[in-house]
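**Student:** Next comes the sequence, and after it the predicted model I'd like to discuss.
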Amino acid sequence: MNTFTLQYLKMLVYPIYRKLSNDKSFYRILSENEFEEIQCIGSTRIKTHCKAEKYPEILRIKEMVSCNVPFEQISEEEYYAQELA
């Protein structure tokens, strides 16, 4: 990762909202090393909190922020609609 990318990631305004393209997981990214996830399993919703301490977890957050496939940008309203479902 180059210096520009690192500077860009530090300039982001959190929280950031993403989802998987299959609509099975919704994310609220709280910082460069912390996020919440709502997993949709049938009609059940499971909410978890992750504090990234290991490299694969940190890399996953960077991929979510970058909005690389399979992640898609969503609104705050879309995220909270999943909590209420």
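**Tutor:** Looks like it came in fine.
**Student:** tell me, what residue is most central in the chain?
**Tutor:** Within the chain, one residue has its C-alpha closest to the average C-alpha position: by CA atoms, centre = their mean, that is residue 27, at 3.7 Å.
**Student:** which residues does it contact?
**Tutor:** When contacts are counted by CB atoms under 8 Å, 6 or more residues apart in numbering, residue 27 is found next to 17-19, 35-38, 64, 71, 79. Glycine gets a C-beta too; all of them are placed from N, C-alpha and C.
**Student:** Now, the residues you listed that are in helices?
**Tutor:** Counting by DSSP state H, the members of the contacts of residue 27 that fall within helices are 64, 79.
**Student:** Would you reformat the contacts of residue 27 as CSV and include distance to residue 53 and pLDDT?
**Tutor:** Formatted as CSV, the contacts of residue 27 follow (distance: CB to CB, whole Å; pLDDT from 0 to 100):
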residue, distance to residue 53, pLDDT
17, 23, 97
18, 20, 97
19, 24, 97
35, 13, 97
36, 16, 97
37, 16, 97
38, 21, 97
64, 16, 95
71, 21, 96
79, 24, 97
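**Student:** Is it correct that residue 72 is in contact with residue 22?
**Tutor:** No - Residue 72 lies out of contact with residue 22 (CB atoms under 8 Å); the separation is 9.9 Å.
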